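Visitor: predicted coordinates and the sequence they were generated for:
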Amino acid sequence: MSERRETIETRADAPAAGRRRWLYLLPVLAFGGLAIALAFGLGEDPSEVPSPLIDKPVPVFELPPVPDRTEGFSDADLKQGEVALVNVFASWCGPCRIEHPLLMRLSREGGVPIYGLNYKDRPEDAKQWLDEMGDPYRRTGSDLDGRVGIDWGVYGVPETFIVDGEGRIRFKHIGYLSLKVLDETIRPILEELTE
Amino acid sequence: MMVTRAALVFLVASLWTAAQAFEIEQPLADPALEARAAAINSDLRCLVCQNQSIADSDADLAKDLRRLVRERIAAGDTDAEVIRFMVVRYGDFVLLSPPVKPATYALWFAPPVIFLLGAGILYAYLRRARRAAADAPLSEAERQRLKVLLGDSESD
């Protein structure tokens, strides 16, 4: 039985079989490639949307200060030739509480100025937040209706931007800063930009 | 009497807080403009909830963006200008239907290309199989074997 089938097959396909055998591997290879590509995609965080503002100048804005602080915050502050961090925060934002000690530490180190964009917060709440937890910011702007935040492409507080000396946005981190993010991502970029 | 008055006070108070909670959005006065705003809103992704449009989403940012869309339209922006305003800030991701451009060619054209490729391969394969079946007459040996096989099954 098996012998008979063999003779029939070899007669019909003899010249084609050798040439086309690799074709049968094609679906397997295609599947493998797709699986690998998708496996890499799994590791990415879909909630982190790349910002189109990277390498663009910061938006033009001018914000009043949080109560009891004399200086507001505007785009002019970011064009003084100094690399700076811009941190978007709010007193109603839970994760902001997590990253706050890191911002305090960074501000004590004094290497890089941090500017605060207080996003859709009640002024008195923002004041209380800074009074109680410490104020790591050189200047703080109060974005009451969130319009400036939208111009910065903010969609999830907290967010932290690195702005170079000419006032161009060079990096954006979405979510709270962890020690890992600070040491492995933020600091190297700061070092590179200040060189 | 006291009870009804208390109930009335409670009712008014709860209605008032409910009205505060569901702060009603002010649609544009001109229905044509409002229709344009609504169409744009349902084409823009809410970045907080991602699989909803800002028209459907109850997120704070979605409300702000809806207000912004109405503002821009009331200020005389075209639909394309409003959409550009959003894309400049939030990127192509804010569009629920991705634009056709080199970075998205694979997205748009891969499915039809793969379909046509598959159809082509299937067509070629079937045609060859049919031709092979039709064209090759049985050799003398095969005819003999067929006879034996048929004879075998008949004798069964």
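Guide: Here it is on my side, so go on.
Visitor: where does residue B:57 sit: helix, strand or coil?
Guide: Put simply, residue B:57 is coil when judged by DSSP: H, G, I helix; E, B strand; the rest coil.
Visitor: for residue B:91, see how far away it is.
Guide: Using Cβ to Cβ, to the nearest Å, residue B:57 is found at 18 Å from residue B:91. (C-beta placed from N, C-alpha, C; glycine too.)
Visitor: more neighbours, those two?
Guide: Legend: neighbour count by other Cβ atoms under 10 Å in any protein chain shown for residue B:57 and residue B:91, higher for residue B:57 (22 against 17).
Visitor: my read: the more buried one touches residue B:45, true?
Guide: No: Residue B:57 lies out of contact with residue B:45 (Cβ atoms under 8 Å); the separation is 9.0 Å.
Visitor: just the strands in chain B please.
Guide: Taking DSSP state E, chain B contains no strands at all.
Visitor: pop the domain breakdown of it in here.
Guide: B:27-99, B:103-155 (automatic domain parsing).
Visitor: chain A is nearest to which of these?
Guide: Smallest distance to chain A across the domains of chain B (Cβ to the nearest Cβ): 3.8 Å, for domain B:27-99.
Visitor: so is that closest one next to chain A?
Guide: Yes: with Cβ under 8 Å from any Cβ of the partner chain as the criterion, chain A is reached by domain B:27-99 at B:47-48, B:50, B:60-61, B:64-65, B:68, B:87-93.
Visitor: is the helix ranked longest in chain B up against chain A anywhere?
Guide: Longest helix in chain B by number of residues, with DSSP state H as the criterion: helix B:105-135. Yes: against chain A, helix B:105-135 shows contacts by Cβ under 8 Å from any Cβ at residue B:132.
Visitor: how far off centre is that helix?
Guide: Chain-centre distance of helix B:105-135: 27 Å, with Cα atoms, centre = their mean, to the nearest Å.
Visitor: now that helix: mean pLDDT?
Guide: Averaged over helix B:105-135, pLDDT sits at 90.
Visitor: for stretch A:97-115, same thing?
Guide: Rounded mean pLDDT across stretch A:97-115 is 95.
Visitor: identify the residue nearest the geometric centre of chain A.
Guide: residue A:173 (3.1 Å; Cα atoms, centre = their mean).
Visitor: now that residue: closest residue in space, sequence neighbours ignored.
Guide: Closest residue in space to residue A:173, ignoring its immediate chain neighbours: residue A:160 at 4.6 Å, by Cβ to Cβ, 6 or more residues apart in numbering or on different chains.
Visitor: quick check, pLDDT for the one you found.
Guide: Residue-level pLDDT assigned to residue A:160 equals 97.
Visitor: residues from chain A in reach of chain B?
Guide: A:4, A:12, A:46-47, A:49-53, A:120, A:145-147, A:150-153, A:155-156.
Visitor: swap in 7 Å and give it another go.
Guide: A:12, A:49-52, A:146, A:150-151, A:153, A:155-156 (Cβ under 7 Å from any Cβ of the partner chain).
Visitor: how about the residues you listed, which pair is most distant?
Guide: A:12 and A:146 (72.3 Å; Cβ to Cβ).
Visitor: more neighbours, those two?
Guide: Between residue A:12 and residue A:146, counted using other Cβ under 10 Å, the more crowded position is residue A:146 (21 against 14).
Visitor: give the contact list for the closest residue to that one other than its chain neighbours.
Guide: Once flanking residues are discounted, residue A:146 sits nearest to residue A:120: 4.4 Å by Cβ to Cβ, 6+ apart. Counting by Cβ atoms under 7 Å, 6 or more residues apart in numbering or on different chains, residue A:120 makes contact with A:90, A:143-144, A:146.
Visitor: would you list the phi and psi of residue A:120?
Guide: phi 50, psi 60 (degrees, to the nearest 10).
Visitor: surely residue A:91 touches residue A:126?
Guide: Yes: assessed by Cβ atoms under 7 Å, residue A:91 is found in contact with residue A:126 at 5.6 Å.
Visitor: doesn't the residue nearest to the centre of chain A lie inside a strand?
Guide: Yes: using three-state DSSP, the assignment for residue A:173 is a strand.
Visitor: ok, now which ones touch it?
Guide: A:159-160, A:181, A:185-186.
Visitor: nearest to residue A:109 among those?
Guide: residue A:186 (12.1 Å).
Visitor: so what's the residue count around that closest one?
Guide: Neighbour tally, residue A:186, other Cβ under 10 Å: 19.
Visitor: which residues in chain A form strands?
Guide: Going by DSSP E, chain A shows strands at A:62-63, A:73-74, A:84-89, A:114-119, A:139-143, A:159-163, A:169-174.
Visitor: closest to residue A:100 out of the ones you listed?
Guide: Closest among those, using Cβ to Cβ: strand A:84-89, at 7.9 Å.
Visitor: what strands flank that closest one, and is each parallel or antiparallel?
Guide: strand A:114-119 (parallel), strand A:159-163 (antiparallel) (DSSP bridges).
Visitor: could you dump those strands into TSV and include mean neighbour count?
Guide: What follows is these, written out as TSV (neighbours: other Cβ atoms under 10 Å in any protein chain shown):
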stretch	mean neighbour count
strand A:114-119	25
strand A:159-163	23
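Visitor: what's the closest of those strands to residue B:102?
Guide: strand A:159-163 (27.9 Å).
Visitor: identify the residues contacting the closest one?
Guide: Residues from elsewhere that reach strand A:159-163 (Cβ under 7 Å, 6+ apart): A:58, A:78, A:84-88, A:169-174, A:177, A:186, A:189-190.
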